[in-house]
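>>> Provided below for reference: sequence and predicted model.
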Amino acid sequence: MSAEVENSKDEEVKVQAVKKPLRKKILGYWPVGIKVLQLLVCAVCMGLIYEPLTRTIFTRILMHHIGVMYTSYTGYMVINCVLLVSKALGDKIPYRTVALFAIIGSALFLITGMLLIVDTNDFIRDATRPERDYSDYDESSLKTLFKISAGFAFLNALLFAADAAVTFKLQDDF
């Protein structure tokens, strides 16, 4: 009889060890979730900014702005993909490296958002000139795409800043 009681206690211990509280489960998956969210926001930003940049004169006169924008968008798409693939393969990346990527990403997306706001203002001033080269396209939709892309850039800057803060706080390797 005592052997049966001990066996049932062992089973209860095993069941309790397997069950994790919801908070611990979320903390275990948050790095992957936030990286996927950052990746999706990068893709949305890239899709939103493509049309206004190809339809306006900015591709000829503001290449330094466009370089920063595309570096932020595509660069961090690649970085997050590499981090996610390394996580899937079971490699451990030190938390300081991941946090450094997040801090730099936050700064780049903040700069990109500011550049998009400046470019939107330049676009509005340029729209009053008769020699503009996008007369066949709806100006208000191009301005809207600039503004929405700037909003998503600021959102991604916040996501990267939050990622860096939580990564430093938990000091857990990715």
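Now that the structure is in, tell me what you want to look at.

>>> please state the mean pLDDT value computed over whichever strand or helix holds K25.
Element membership of K25, judged by DSSP states H and E, is helix 22-55. The pLDDT scores in helix 22-55 average 84.

>>> how far does it sit from its chain's centre?
4 Å (C-alpha atoms, centre = their mean, to the nearest Å).

>>> buried residues in that helix?
Under the neighbour-count criterion of 16 or more other C-beta atoms under 10 Å, helix 22-55 has 30-31, 34-35, 38-39, 41-42, 44-46, 48-49, 52-53, 55 buried. From N, CA and C alone the C-beta is placed, and that goes for glycine too.

>>> and stretch 158-166, by the same measure?
In stretch 158-166, counting by 16+ other C-beta under 10 Å, buried: L159, F160, A161, D163, A164, V166.

>>> residues contacting it, please?
30-31, 34-35, 37-38, 41, 98-99, 102-103, 105-106, 109 (C-beta atoms under 8 Å, 6 or more residues apart in numbering).

>>> show me where pLDDT drops low in the protein?
Within the chain, the segments meeting pLDDT under 70 span 1-18, 26-27, 57-60, 123-137, 174.

>>> the helices in it, which residues?
Shown for the chain, the helices assigned by DSSP state H span residues 2-18, 22-55, 58-61, 63-89, 95-126, 139-170.

>>> show me what the second one is packed up against.
Contacting helix 22-55 under the criterion 3 or more C-beta pairs under 8 Å, 6 or more residues apart in numbering; DSSP states H and E are the following elements: helix 63-89, helix 95-126, helix 139-170.
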